[in-house]
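# build me a structure from this.
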Amino acid sequence: MGDNRFPDFQKGMSVKMQERKVILSADSTCDLGDELKARYDVNFYPFHILLEEQDYQDNVDITTKEIFAAYYDRKVLPRTSAINMGEYVEYFSPWVEAGFDVIHLNLGGAISSAHKNCLLAAKELGGHVYPIDSRSLSTGIALQVIEAGELIRAGKSAPEIAECLREIIPCCHASFILDTLDFMRAGGRCSSVVAFGANLLNLKPCIEVDNSDGSMHVGKKYRGSLEKVLPLYVRDKLAQYPDIKRDHLFITYSTIDPGLEKLVRKTIRETMEFKEIHATHASCTIASRCWPNTLGILFETETPAK
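Below you'll find the model as predicted:
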């Protein structure tokens, strides 16, 4: 197995195994930044990015800039492929054979086969792997990873952690603003007529993740430039829920002008106080679904939305 395939897994694995009984892992689509990965000892497995007949590992040997450049320069779109059962078995086996349990958070089952494949791998390994359907994507998963990390620190067992995570999934909220539908049209995810109409009217749709099943749908449609739309979107989202947890909020984007990120951060701080605001880049798997200038805020509430 090449060193670049599991960078977090292979560096210092034996040391981490001596320190704890539960291993924390996630699909690369969790979009957790390096600082938080280190803070909670998070391992990850990369999705496949298929581009121009090459199979790349998400955020390992290909970047979002490269997949965007392939489209701009050559009109080539990437395809993504979930981790298969055999790959999961090979990934988890060293931990299981060493006597450890694994909590693994998957990209939502409504949009990927990864969770189904992970369940099959867990069964093959005799029940020491606990796959969690995040019913989310990107840093909607990262919120759950942080919760799992805190529970591991508190000494909880893998079954206890899995039960707690399933209870907080309906409290994790993910949404994004799309700058344009051109790339969704090119990938066959919306019609040319819809994309043309949205561009003509300068509409910026909000894509909502339904945390009851992980599906996505179009929410409010904003009109105007991103400079105008993003502060409106942030204020709308933070006003939507009365019991937002103030520990962590993520600003996650595919690519974005630094000035717009600062504007979003400023709007958040003026609207609500959070202990930590994290800005992270979307993985190639996520970015290939929404494309440049997509930005979202993702956070957790104390109770599920009604």
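
# name the nearest residue to Leu166, ignoring sequence neighbours.
In this structure residue 166 is Arg, not Leu. Among residues not flanking Arg166 along the chain, Ile132 sits closest, at 7.0 Å (CB to CB, 6 or more residues apart in numbering). Where you see a C-beta, it was placed from the backbone N, CA and C, and this is true even at glycine.

# no, scratch that, I was asking about Leu260
Leu226 (5.8 Å).

# what pLDDT does the one you found get?
The score at Leu226 is 97. That number is its pLDDT.

# who touches it in this structure?
By CB atoms under 8 Å, 6 or more residues apart in numbering, the residues touching Leu226 are 177, 179, 204, 257, 260, 293, 295.

# which among those residues gets closest to Ser212?
Sorting those by distance to Ser212 puts Ile177 at the head of the list, at 21.9 Å, by CB to CB.

# can you give me the helices in the stretch 1-150 of the chain?
For the stretch 1-150 of the chain, the helices defined by DSSP state H, counting those that start in this stretch occupy 7-10, 13-19, 34-39, 64-74, 85-97, 114-124, 139-153.

# name the residues that touch the fourth one?
Where contact means CB under 8 Å, 6+ apart, the residues beyond helix 64-74 that reach it are 49, 51-52, 76-78, 183, 186, 254-255, 281-284, 287-288, 291-292.

# quick one: contacts of the lengthiest strand in the chain?
The single longest strand within the chain, with elements called by DSSP state E, is strand 244-253. Strand 244-253 is touched from outside by 31, 138-139, 142-143, 146, 171, 176, 238, 261, 264-265, 268, 272-282, 293-302, with contacts defined as CB under 8 Å, 6+ apart.

# elements contacting whichever helix or strand comes after that strand?
Past strand 244-253, heading to the C-terminal end, the next element that is a helix or strand (DSSP states H and E) is helix 258-271. Under the contact criterion of 3 or more CB pairs under 8 Å, 6 or more residues apart in numbering; DSSP states H and E, the helices and strands touching helix 258-271 comprise helix 226-240, strand 244-253, strand 276-281, strand 295-301.

# so which of these gets nearest Arg39?
Closest to Arg39 of those is strand 276-281 (CB to CB; 10.5 Å).

# pairing partners for that closest one, with directions?
In its sheet, strand 276-281 lies beside strand 244-253 (parallel), with partners assigned from DSSP bridges.

# report the central residue of this structure.
The centroid of the chain falls nearest to Ser138 when counting by CA atoms, centre = their mean (1.3 Å).
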